[in-house]
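> Dropping a prediction and its sequence here:
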Amino acid sequence: MFYSSLKKQLDFLNENNSLRKLYEIKHKGKYIEFDNKKYLNISSNDYLGIQEIPELSEKFQEFITKNKYDYSFGAYSSRLLTGNHYYYTILENYLAQIYSKEASLVFNSGYHANIGILPAITKKNDLIVADKFVHASIIDGIVLSKAKHLRYKHNDYEHLEKILFDNKNKFQNIFIVTESIFSMDGDMSDLETLVKLKKKFNAYLYVDEAHAIGVTGTTGLGLSDKLNLSGEIDILVGTFGKAIASQGAFVVASEILTDYLKNTMRSLIYTTALPSVNILYTYFIMLEMKNMSKERNYLTEISDKLRVAIKNAGFRTAGNSQIVPMIIGDTQKCIEKSDFLKKNGFWSLPIRYPTVPKGTERLRFSLSAAMSVQDINRMIELLNN
């Protein structure tokens with residue numbers, strides 16, 4: 001009965017063109033190889049094109065040698081046992097410094113961060129108010145918490161203010177939760193308005209900068225830094241698995257909050273730490289990232305160009321970042337367009353319900369500074385076919 005029920009659900013997904021599968025691929029810089037064919041990867045989060053900069057590997061080795069860093073390829077334990085090597089301290093001190101925060105805490109992934117922070121710091125007499133489009137990892141964290149939660153319409157701050165006004169005296173603490181750049185539409189939250197609302201209603205502001213780290217701001221520290229608002233954000237989360245092209249995530253916040261997380265956050269306490277080589281590589285790329293303004297500016301240029309071309313081709317798009325959606329609104333047509341692009345050497349998989357709302361099925365182009373103008377022009381040609 002159990003397996004037949006699973007089979008029935010899988011058959012349903014397959015019949016509705018929603019069955020997911022894993023592809024065995026090889027990474028070759030900005031390209032991937034699948035089934036003995038090469039494709040330009042337009043589904044990657046390597047926004048700065050770090051995979052396409054081979055000299056960084058040599059520079060990393062020089063960095064290790066110069067500083068006489070010793071490292072291992074495993075941590076063998078959780079951070080609270082014996083996995084908390086010294087390089088964690090180096091990276092966390094650096095993060096706290098560049099964000100002008102009291103403390104920082106590094107996690108194994110953005111998912112670990114988002115499913116763990118809110119359940120750790122909230123109680124049943126607290127309220128979480130989250131943007132409707134926040135990432136699945138944040139939603140899972142909200143569900144795992146004991147707090148009551150409400151959602152406000154995407155980037156609708158009048159709706160948010162009404163929720164805050166209606167609930168301002170009903171809860172001990174209120175947490176406003178958002179992303180800075182949203183992962184599916186590539187649009188940005190209005191952090192200035194959110195800070196004003198946070199202050200007006202004595203709330204706490206949680207901002208996930210996963211898709212902004214590396215690509216937004218003069219030195220790539222995210223939208224909050226670009227707007228000089230980092231100091232106003234109580235819980236600022238970032239990831240190393242996207243533009244930094246490494247693994248892991250972090251929060252920068254007060255020392256009290258990070259100390260509390262060390263004692264209560266289950267996804268930190270009960271998982272094996274990251275290997276020291278990974279932490280060192282992340283630290284190295286973070287140092288390099290601040291000098292990659294050329295890549296950031298170029299990424300903005302090609303993203304704007306593609307977004308205009310999608311509109312000119314008669315499709316809907318959204319946002320103003322390096323994430324450029326082509327909203328088709330039909331699952332089968334999305335699959336057909338994806339297959340057409342793959343046939344012509346561009347790897348972009350369809351994004352379907354429930355990842356996005358019904359009627360907004362799309363191709364999600366994640367651009368990289370490694371892409372040439374010729375690459376973008378060729379994509380534009382294909383969109384018009």
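Done, it's in.

> Please make it C-alpha for all contacts and neighbour counts, starting now.
OK.

> Distance check, the closest residue to Tyr353 other than its chain neighbours against Lys168.
Nearest in space to Tyr353, with sequence neighbours left out and distances taken as Cα to Cα, 6 or more residues apart in numbering, is Glu361 at 6.7 Å. Distance, Glu361 to Lys168, by Cα to Cα, to the nearest Å: 37 Å.

> Mind checking which of these two has more residues around it?
Neighbours were counted for Glu361 and for Lys168 using other Cα atoms under 10 Å; Glu361 has more, 25 against 16.

> buried ones in stretch 70-81?
71, 75, 77-79 (16 or more other Cα atoms under 10 Å).

> Among those residues, which pair sits farthest apart?
Tyr71 and Ser78 (16.6 Å; Cα to Cα).

> how about stretch 320-333: buried residues?
Buried residues in stretch 320-333, defined by neighbour count with 16+ other Cα under 10 Å: 320-329, 331-332.

> from these, which is closest to Ser44?
Taking Cα to Cα as the measure, Ser44 lies nearest Ile323 of the buried residues of stretch 320-333, at 10.1 Å.

> show me what contacts the closest one?
Residues counted as contacts of Ile323 (Cα atoms under 8 Å, 6 or more residues apart in numbering) are 183-186, 303, 364-367.

> ditto for Ile115
Contacts of Ile115 by Cα under 8 Å, 6+ apart are 137-142, 144, 267.

> which pair in these spans the largest distance?
Going by Cα to Cα, the pair spanning the contacts of Ile115 furthest: Ile139 and Ser267, at 15.1 Å.

> For those two, indicate the residue with more neighbours.
The neighbour comparison of Ile139 against Ser267 (other Cα under 10 Å) goes to Ser267, with 22 against 18.

> what's the helix or strand that contains that one packed up against?
Per DSSP states H and E, Ser267 falls inside helix 266-269. Here helix 266-269 touches helix 110-121, helix 255-264, going by 3 or more Cα pairs under 8 Å, 6 or more residues apart in numbering; DSSP states H and E.

> Would you mind saying which of these lies nearest Leu287?
helix 110-121 (20.1 Å).

> how about Ser5, what does it touch?
Going by Cα under 8 Å, 6+ apart, Ser5 touches no other residue.

> and Ala113, how many neighbours?
27.

> Ok, the one 5 residues further on next?
Burial of Leu118, expressed as a neighbour count using other Cα under 10 Å, amounts to 26.

> Show the contacting residues for it.
Applying Cα under 8 Å, 6+ apart, the residues near Leu118 are 141-142, 145.

> so Lys124 makes contact with Leu144?
No. Lys124 lies out of contact with Leu144 (Cα atoms under 8 Å); the separation is 11.4 Å.

> Name whatever forms a beta bridge with Tyr206.
Counting by DSSP bridges, Tyr206 is bridged to Val177, Ile235.

> Let me see the backbone angles for the most centrally placed residue in the chain.
Geometric centre of the chain, nearest residue: Ala210, 3.2 Å, by Cα atoms, centre = their mean. Main-chain dihedrals, Ala210, degrees, to the nearest 10: phi -50, psi -50.

> list the contacts for Asp259?
Residues in contact with Asp259 (Cα under 8 Å, 6+ apart): none are found.

> Same question for the one 5 residues further on.
Neighbour list for Thr264: Ala120 [criterion: Cα under 8 Å, 6+ apart].

> do the same with Ala370
30, 48-50, 52.

> got it, and Leu40?
30-32, 345-347.

> could you pull out the strands for the stretch 251-385 of the chain?
323-327, 346-347, 350-351, 362-366 (DSSP state E, counting those that start in this stretch).

> I would like the residues contacting the second one, please.
In this structure, residues lying in contact with strand 346-347 by Cα under 8 Å, 6+ apart are 39-43, 338, 341, 379.
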